[in-house]
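Visitor: Below is the sequence, then the predicted model.
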Amino acid sequence: MNYGTPIVNQRGIAILDATAVTVTTDAVTFTLVEPCTRCVPVRGLVLVNLDLEIPEGTTETLPINLTLNGFTSGITNYGGAALTVADFNGTGFYMLYYDRFKNILQVIS
């Protein structure tokens, strides 16, 4: 057994729902339901239900952010580039890797 490998998602995968989408000149921001602190891991996988449409005509180069408990963070792609409106595949569930210590929020699917 390798004791040097960190174990994540020990309590399962949290599911967060979007309650609002806001478009500004700087970003598209989805506001998420504020769950209990125990529901969101310090690092691991999170399913985010982005079931709200981004309004038609929104600039495709705008980055997509998530706001949870007053903290806003940008989502990145595999290469570390910001996820933009052009990359957004529409409404539905998105799996993200989340690391509070390193401020990482990266789309997996």
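Guide: Received it, and whenever you're ready, just let me know what you need. Computed from a prediction, not measured in an experiment: that's the story for all the values here.

Visitor: what's the longest strand in the chain?
Guide: Determined from DSSP state E, the single longest strand within the chain is strand 14-23.

Visitor: what comes into contact with that one?
Guide: Strand 14-23 is contacted from outside by 28-33, 35, 39-41, 46-55, 58, 62, 68, 93, using CB atoms under 8 Å, 6 or more residues apart in numbering. To be clear about C-beta, it is placed using only N, CA and C from the backbone, and glycine gets the same treatment.

Visitor: Now it: average pLDDT?
Guide: Throughout strand 14-23, pLDDT has a mean value of 90.

Visitor: Stretch 99-109 now?
Guide: The predicted model assigns stretch 99-109 a mean pLDDT of 86.

Visitor: for stretch 58-69, same thing?
Guide: The average pLDDT for stretch 58-69 rounds to 93.

Visitor: What are the buried residues along it?
Guide: Neighbour counts using 16 or more other CB atoms under 10 Å place 62, 63, 64, 65, 66, 67, 68 of stretch 58-69 among the buried residues.

Visitor: Just name the closest of those residues to residue 75, please.
Guide: Of all these, residue 64 has the smallest distance to residue 75: 5.3 Å, by CB to CB.

Visitor: just to revisit the earlier point, can you flag which of the contacts of strand 14-23 belong to strands?
Guide: Secondary structure assignment by DSSP E places 28, 29, 30, 31, 32, 46, 47, 48, 49, 50, 68, 93 of the contacts of strand 14-23 in strands.

Visitor: Quickly list what the closest residue to residue 103 other than its chain neighbours is bridged to.
Guide: By the measure of CB to CB, 6 or more residues apart in numbering, the closest residue to residue 103 outside its immediate chain neighbours is residue 73, 6.6 Å from it. Here residue 73 sits in beta bridges with residue 66, going by DSSP bridges.
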